[in-house]
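In: can't give you the sequence, but here's the structure:
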């Protein structure tokens, strides 16, 4: 059960445009099996056929990461934003078709970058329940479209600071089971799980066959192996869940402990990170391999 | 080195007013050594002398938790809010005097409840550096006042979603050392450390004698013992740091994994939690006791 191990495109550059195509070859050269590409925005001017051609030539797989926001949120109070949310998810299916990807993962609901209904304007339990119902409704519309196109969405829980709707694996399972379509599975990211789960391995095993995408991130989102994650136990749980799907890395850089360093934001690379990337890849790949060793 | 173990007043009620005084006796009855009281707001109408009398009668210690916000932030862009921040910290010293407390802990800077300079309006590195400089400046003014009143502030790092200024223990140490006053030490909370540190025990040891207050919270802020925290290693590190000060619990309740449960917000208790509180207290107290056992 050798899971392909990949790297998110943001590791190199953001946005990923037609000037970024050399990072596809670089990802392969670093030893990654796939690249996780943020679903291109029309204005990025990315030639999908070109990306697909290069990836196929390099033997590099491709997973897509969806980006919802205030204007495209299937859970929104505004009908227009809800429609925008559903249209965006349909657009993601087309993008997967054009790029040759099968999986579109991420928080397919809500408004992650904006304050997630916390104080000083906390939503009431009723408002959040309504947002959850809209989420199920919106996904029930788009998931079958994904399935018929041979694609699958991965619903990602986020921590309490980034969303109010799906924070835990149990909640993601509840939504996926409520939608009940092969076009919608669960995506898990250990950065968020680290804050919201009683046990990461337990949550992985509970997800079981619903798991369609997995991000291996440290508690502080730094390079794998520089934080508190028990990668051996996590890899073992992935094996116990029978998960053979992609495992991608999304390390934000945290170069310095100096005060006034904007830790919260993604920052562009400013040094050669190849060695750290190869070490992180090696660590995760070894943990996956060793999870199968029983003697 | 038996650290006193305490409970935050929010566990029972918020705000804590003159109708809440029976919770002082209850905290003692549950076996807690102290209560951590949010610094009373003038409008709470709390009679400080009465609280002090009851605590002394019950043999219950008292630690204060400061609450800064947009209008009282020593790091603010607005001069009025900076002044408001300094005045508030001076008010906290008076409150400690009146209530018979020595320690005032918490994020003494910034605007925790409001979006902490993250997208879509991220502050630049320069803006954050200025905010950090204002923080040091503000604390350098109030820390000596605390010291001369026999009090001490505990500067608490918060995770990246709740502040942009002090996220890590190393940053808190940098600020405390820059201020260099016996009136300012470091306060650590394992909920935030869980997200931002490479190793919680390492960070505790690095803090050493600067540590003046400690909150033992689970990765998901639930009751101690229901998450991923390694309390044995944490208690051992506290011992190695020579820390004999207060350890307080601040468990937010997370009764249910059902979708649409407002996990992000504090919620009032709706069931008898005595058993869970006693178990959490027992767990932390045992870990502290056993940390000293070497044979």
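Out: Sure, I can see it. These numbers were taken from a predicted model, which means no experiment stands behind them.

In: which residue comes closest to residue A:33 once chain neighbours are left out?
Out: residue A:4 (3.5 Å; Cβ to Cβ, 6 or more residues apart in numbering or on different chains). Every C-beta, even on glycine, is put in place using the N, C-alpha and C of the backbone.

In: can you tell me which residues contact the one you found?
Out: A:33-34, A:61, A:245-247 (Cβ atoms under 8 Å, 6 or more residues apart in numbering or on different chains).

In: is it possible to export these to a markdown table including secondary structure?
Out: Putting these into a markdown table (DSSP: H, G, I helix; E, B strand; the rest coil) gives the following:
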| residue | secondary structure |
| --- | --- |
| A:33 | coil |
| A:34 | strand |
| A:61 | strand |
| A:245 | coil |
| A:246 | coil |
| A:247 | strand |
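
In: could I get the residues you listed as a markdown table with distance to residue B:155, neighbour count and pLDDT?
Out: What follows is those, written out as a markdown table (distance: Cβ to Cβ, whole Å; neighbours: other Cβ atoms under 10 Å in any protein chain shown; pLDDT from 0 to 100):
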| residue | distance to residue B:155 | neighbour count | pLDDT |
| --- | --- | --- | --- |
| A:33 | 45 | 20 | 98 |
| A:34 | 43 | 22 | 98 |
| A:61 | 46 | 22 | 98 |
| A:245 | 44 | 20 | 98 |
| A:246 | 42 | 24 | 98 |
| A:247 | 38 | 23 | 98 |
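
In: residue A:100: which of those residues is nearest?
Out: residue A:61 (9.0 Å; Cβ to Cβ).

In: in chain A, which spans are helices?
Out: A:22-29, A:48-58, A:79-99, A:125-148, A:169-179, A:190-196, A:200-207, A:231-240, A:274-291 (DSSP state H).

In: just name the most buried of the ones you listed.
Out: helix A:190-196 (a mean of 25; mean count of other Cβ atoms under 10 Å in any protein chain shown).

In: grab the nearest non-local neighbour of the most centrally placed residue in chain A.
Out: The C-alpha lying nearest the average C-alpha coordinate of chain A belongs to residue A:106 (Cα atoms, centre = their mean; 4.3 Å). Once flanking residues are discounted, residue A:106 sits nearest to residue A:66: 4.0 Å by Cβ to Cβ, 6+ apart.

In: since we're on that neighbour, how many residues are nearby?
Out: Using other Cβ atoms under 10 Å in any protein chain shown, residue A:66 has 22 neighbouring residues.

In: residues in contact with it?
Out: Contacts of residue A:66 (Cβ under 8 Å, 6+ apart): A:39, A:88-89, A:92, A:104-108, A:153.

In: can you redo the residues you listed as CSV with distance to residue B:269?
Out: Below are these laid out as CSV (distance: Cβ to Cβ, whole Å):
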residue, distance to residue B:269
A:39, 43
A:88, 40
A:89, 39
A:92, 42
A:104, 41
A:105, 37
A:106, 35
A:107, 30
A:108, 34
A:153, 38
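
In: in those residues, find the pair that's most separated.
Out: Maximum distance among the contacts of residue A:66 (Cβ to Cβ): 14.2 Å, for A:88 and A:105.

In: which one of the helices of chain A lies closest to residue B:212?
Out: Nearest of these (Cβ to Cβ): helix A:190-196, 25.8 Å.

In: so is that closest one next to chain B?
Out: Yes: for helix A:190-196, a contact with chain B is found by Cβ under 8 Å from any Cβ of the partner chain, at A:194-196.

In: and the residue nearest to the centre of chain A, how far is that from chain B?
Out: 16 Å (Cβ to the nearest Cβ, to the nearest Å).

In: that residue against residue A:68, yeah?
Out: Yes: Residue A:106 lies in contact with residue A:68 (Cβ atoms under 8 Å); the separation is 7.4 Å.

In: low-scoring stretches of chain A, by residue?
Out: A:1, A:113-121, A:254-257, A:262, A:264-265 (pLDDT under 70).

In: could you rerun that using 80?
Out: Scanning chain A for pLDDT under 80 picks out A:1, A:113-123, A:252-258, A:260-268, A:270, A:295.

In: quick check: residues of the stretch 151-295 of chain A near chain B?
Out: Going by Cβ under 8 Å from any Cβ, the residues of the stretch 151-295 of chain A near chain B are A:159-162, A:164-168, A:170-171, A:174-175, A:194-200, A:219-220, A:222, A:226-228, A:257-265.

In: what do you get if the cut-off is 7 Å, keeping everything else the same?
Out: Within reach of chain B by Cβ under 7 Å from any Cβ of the partner chain, the stretch 151-295 of chain A has these residues: A:160-161, A:164-168, A:170-171, A:174-175, A:194-199, A:219-220, A:226-228, A:257, A:259-260, A:262-265.

In: quick one: buried ones out of the residues you listed?
Out: Buried subset of these (neighbour count, 16 or more other Cβ atoms under 10 Å in any protein chain shown): A:160-161, A:164-168, A:170-171, A:174-175, A:194-198, A:219-220, A:226-228, A:257, A:259-260, A:262-265.

In: how many neighbouring residues does the closest residue to residue A:144 other than its chain neighbours have?
Out: Closest residue to residue A:144 in three dimensions, ignoring its sequence neighbours and counting by Cβ to Cβ, 6+ apart: residue A:181, at 5.2 Å. By other Cβ under 10 Å, the residues close to residue A:181 number 19.

In: who's in contact with residue A:181?
Out: Applying Cβ atoms under 7 Å, 6 or more residues apart in numbering or on different chains, we find residue A:181 in contact with A:143-144, A:147.

In: quick check, nearest of those residues to chain B?
Out: Closest approach between the contacts of residue A:181 and chain B, by Cβ to the nearest Cβ: residue A:143, at 16.3 Å.

In: pretty sure the closest one contacts residue A:179?
Out: Yes: using Cβ atoms under 7 Å, residue A:143 is in contact with residue A:179, at 5.3 Å.

In: give the contact list for residue A:174.
Out: Per Cβ under 7 Å, 6+ apart, neighbours of residue A:174: residue B:259.

In: thinking again about what came up before, could you list which of the contacts of residue A:66 belong to strands?
Out: Among the contacts of residue A:66, the ones falling in strands (DSSP state E) are A:104-106, A:153.

In: for chain B, see how far away the residue lying farthest from the centre of chain A is.
Out: Each residue of chain A has a distance to the centre, and by Cα atoms, centre = their mean the biggest one is for residue A:295: 33.4 Å. Using Cβ to the nearest Cβ, residue A:295 is found at 29 Å from chain B.

In: distance of that residue from residue A:242?
Out: Using Cβ to Cβ, to the nearest Å, residue A:295 is found at 20 Å from residue A:242.

In: give the contact list for residue A:134.
Out: Taking Cβ under 7 Å, 6+ apart as the test, what residue A:134 contacts is A:74-75, A:82.
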